[in-house]
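Asker: my questions are about this predicted structure, shown below with the sequence.
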Amino acid sequence: MDLNSASTVVLQVLTQATSQDTAVLKPAEEQLKQWETQPGFYSVLLNIFTNHTLDINVRWLAVLYFKNGIDRYWRRVAPHALSEEEKSTLRAGLITNFNEPVNQIATQIAVLIAKVARLDCPRQWPELIPTLIESVKVQDDLRQHRALLTFYHVTKTLASKRLAADRKLFYDLASGIYNFACSLWNHHTDTFLQHVSSGGEAAVLSSLERTLLSLKVLRKLTVNGFVEPHKNMEVMGFLHGIFDRLKQFLECSRNIGTDNVCRDRLEKTIILFTKVLLDFLDQHPFSFTPLIQRSLEFSVSYVFTEVGEGVTFERFIVQCMNLIKMIVKNYAYKPSKNFEDSSPETLEAHKIKMAFFTYPTLTEICRRLVSHYFLLTEEELTMWEEDPEGFTVEETGGDSWKYSLRPCTEVLFIDIFHEYNQTLTPVLLEMMQTLQVFVVYNAVGLAAYELFDSVDFDQWFKNQLLPELQVIHNRYKPLRRRVIWLIGQWISVKFKSDLRPMLYEAICNLLQDQDLVVRIETATTLKLTVDDFEFRTDQFLPYLETMFTLLFQLLQQVTECDTKMHVLHVLSCVIERVNIQIRPYVGCLVQYLPLLWKQSEEHNMLRCAILTTLIHLVQGLGADSKNLYPFLLPVIQLSTDVSQPPHVYLLEDGLELWLVTLENSPSVTPELLRIFQNMSPLLELSSENLRTCFKIINGYIFLSSTEFLQTYAVGLCQSFCELLKEITTEGQVQVLKVVENALKVNPVLGAQMFQPILPCVFRGIIEGERYPVVMSTYLGVMGRVLLQNTSFFSSLLNEMAHKFNQEMDQLLGNMIEMWVDRMDNITQPERRKLSALALLSLLPSDNSVIQDKFCGIINISVEGLHDVMTEDPETGTYKDCMLMSHLEEPKVTEDEEPPTEQDKRKKMLALKDPVHTVSLQQFIYEKLKAQQELLGEQGFQSLMETVDTEIVTQLQEFLQGF
């Protein structure tokens, strides 16, 4: 098929693919997908999108398909890769004419040329850059603009490559074209400045667009194109020239009003100048040293003196402040404590900084920040009145200092104050006496750590701040908000414990303030107070009911998702700190959360906050959390179901909630058992949540082993067998611990249900598993089977003897030998005692193999005695420290968490566990006595002679009194 007829067919299908009718659209998309790998398809697409007479939507789609094809099939090694001949034709066709009339399509073409350049330039496409350079020189406005747009995208893409060879190519390219790029930028900039004073709007906009694009090219070349840019005269000339150009452009902005069509582009260009400086400082701090003085002078004059009046705008001020901040904080400019250890470059930069930041300069910056930039603007005050929740959310945020004025001024203040605190502390203390209270409080809160030794906060709190919180006039609400915020900043820095009740009193009052912003700010301070290291529950309890009720009311009053999340976090924090003391007060919250969960269907982050609250709530309620099950269990079900889309957000918290629900459950319910259906797909995911999954499985085993194992063990065993094939050592241990727990709780059913896993445990022991932790767990599992389910052990031994093609006795002997040999792998005292009990349980025996290993069994038993026997100082006798009785009730101190239901279950289990109920000393004595009776005195004596005399002596010492 020739190109023309192919074009007609493809054009027809592309036209169908732009249809709104899915019946037409779907088959067309399928057809295009099939053609993607056909030779010649991309040449046809190129023909279509470069034909300006065709429909725009069809051309747009052709460009997109071409662009996606580059990603998939342009590389030589890609499956169905394009042929070198076709690629060569396409490259030539892409840069024949830069005359695309439609802006959006022109941008896409520029991007796709850049994508090809990333893979082919300069080796397979040496003519690209020369062609672009020639094309940006032409007089035709459209062609010049399109070539410049492509030049920018190509430069941007090549600059982003990171491999050493690619970097070297870009350095060569940059040094080759830098001079041209500079003169191009200067030409377009001068043209723009001439047009501003004389030309019409269209000419101004057109020349400004070219200025912006050529500056974007220069930014990439300057920042990424040189290893040591300070050694290049042209680069440093361009950077020094930026300050003069910035002044010219800022003056232009005085004459170009906010409603002018050029205004947006002009501001973008001004911001781009500052980005060049910020990027260069970030990438090449020492090359920036000659620019430090000028950058600081320029930024400080425009931001902190009247020079900037009438020309600056918010984003520009933010950029200038960020420039000051990055110079102040730059680690490259900070000398070591020992000056001689610092590099000459660091010392030079430090010297320039110190010379600039004199006492008068620092004082003026500090005063202007506090008295001018910290004031609430008209806009902010209006927002406070009209959208109080929006106002509180605006205030905070991670990297917001990079883009928003208020956070930016505060971060700059903190950094300058931290760097020059000895100079600025007296200045700020003096301002506290003279300036408007509101703005100084902001400064004193931000600088709390630096002012630790200079401010007697406790006195100030009692004598001034508390009375100010009691002024309830509406005009004073900014003051009330600022004061309660300030206290939150100082809580963790310096605040006497016995003043807390006065603060709690104030918080209770402010949570009833008529202004919502004040109430939200108070909730934040409450969280900081409760979260503090010196928080004492006893001081807080008298206020708990009032605060909890007021916080709950606030949660209902706020409407925005972010604010609800914030208040929920405060509630969670309170519940977590007071734990079981919360029980009498949670009724209202428990009734409200299902409604909030239903309302937040679209807001997964709010649902995460609800899950966190529920986790703390269940921990606080303990066994009473069973009353929440009608709401709680469906929430866990949804959050941990990997077939439901919300699990992406909710899974981690959902699993945590599932676990605490089990830990605090007094007994199993059919619904709680049913949720376990979600576990199998979770184990298949084998994600970072596996550890929690294993804890949940253990929780079920402790809660209701019989019911749980009968219902789910078969499937669980299959999942474990799959997991063991591909899991890490730590994962293997976690799986085996589950099996060990099942055997501990239910030796008969556990062994039956996990029977498929036990042969590999046996094999691991016989073959001497090399990882000590895995071997230790193998021996723990096998010890349980041998000690608590002898008949099962015999059948397992028989099965393994067939597999190994050995006699049962011989295999048993090998196992005992390996057990004795690897006993040192076991570090947990419980497992060490279990091993001794398990091997001793083989006695009495007239089996020659067991008698042959008698010495090893006694060695392990004596080791076990050393582990568990402690001397009773009163009677001088030894006793087994692992024995537990019903009478021992551990005392819970005030700082400790009360035991969960699962802790109680584990305690009850321990009271039935041979490790905690059988005295090892007694057991050894009985087993030896039985062996003696079996063999007679002489036979027993010759058996004992196989044991080392030192071991025999130790054994006799332990068995005194029997």
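Answerer: Perfect, I can see it now.

Asker: which parts of this protein belong to which domain?
Answerer: Domain assignment of the chain by the TED database yields the ranges 1-160, 164-356, 862-959.

Asker: now those in a markdown table, with distance to residue 720 and mean neighbour count?
Answerer: Using the backbone N, CA and C atoms, a C-beta is placed for each residue, glycine as well. Shown next, in a markdown table, are the domains of the chain (distance: least, C-beta to C-beta, whole Å; neighbours: other C-beta atoms under 10 Å):
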| stretch | distance to residue 720 | mean neighbour count |
| --- | --- | --- |
| domain 1-160 | 38 | 17 |
| domain 164-356 | 47 | 17 |
| domain 862-959 | 22 | 14 |
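
Asker: for these, give me a markdown table that also has distance to residue 551 and mean pLDDT.
Answerer: Formatted as a markdown table, these follow (distance: least, C-beta to C-beta, whole Å; pLDDT from 0 to 100):
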| stretch | distance to residue 551 | mean pLDDT |
| --- | --- | --- |
| domain 1-160 | 49 | 90 |
| domain 164-356 | 35 | 91 |
| domain 862-959 | 23 | 85 |
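
Asker: nearest to residue 492, of those?
Answerer: domain 862-959 (19.5 Å; C-beta to C-beta).

Asker: what's the span of that closest one, first residue to last?
Answerer: Domain 862-959 stretches 11 Å from its first residue to its last (C-alpha to C-alpha, to the nearest Å).

Asker: one more: stretch 229-237?
Answerer: Terminal residues of stretch 229-237 are spaced 11 Å apart (C-alpha to C-alpha).

Asker: do you know how far the closest residue to residue 468 other than its chain neighbours is from residue 410?
Answerer: In this structure, residue 468 finds its nearest non-sequential neighbour in residue 483, 5.3 Å apart by C-beta to C-beta, 6 or more residues apart in numbering. According to C-beta to C-beta, to the nearest Å, residue 483 and residue 410 sit 17 Å apart.

Asker: so where's the stretch 401-550 of the chain shaky on pLDDT?
Answerer: Applying pLDDT under 70 to the stretch 401-550 of the chain flags residues 401, 435-438.

Asker: I meant the stretch 651-800 of the chain, not that one.
Answerer: Applying pLDDT under 70 to the stretch 651-800 of the chain flags the ranges 686.

Asker: which stretches in it count as helices?
Answerer: Secondary structure of the stretch 651-800 of the chain (DSSP state H, counting those that start in this stretch): helices located at 670-674, 679-685, 690-726, 729-745, 747-753, 758-766, 772-788, 790-804.

Asker: and the second one, what's buried?
Answerer: Yep, that's helix 679-685 we're talking about. Buried residues in helix 679-685, counted by 16 or more other C-beta atoms under 10 Å: 679, 682, 683.

Asker: now swap in the longest one and tell me
Answerer: Along helix 690-726, these residues count as buried under the neighbour rule (16+ other C-beta under 10 Å): 690, 692-705, 708-709, 711-713, 716-717, 719-720, 723.

Asker: now swap in the first one and tell me
Answerer: Along helix 670-674, these residues count as buried under the neighbour rule (16+ other C-beta under 10 Å): 672, 673.

Asker: stretch 848-859 now?
Answerer: The neighbour-count criterion (16+ other C-beta under 10 Å) identifies 849, 850, 851, 853, 854, 855, 856, 857, 858, 859 as the buried residues of stretch 848-859.

Asker: how far off centre is it?
Answerer: Between the centre of stretch 848-859 and the centre of its chain there are 55 Å (C-alpha atoms, centre = their mean, to the nearest Å).
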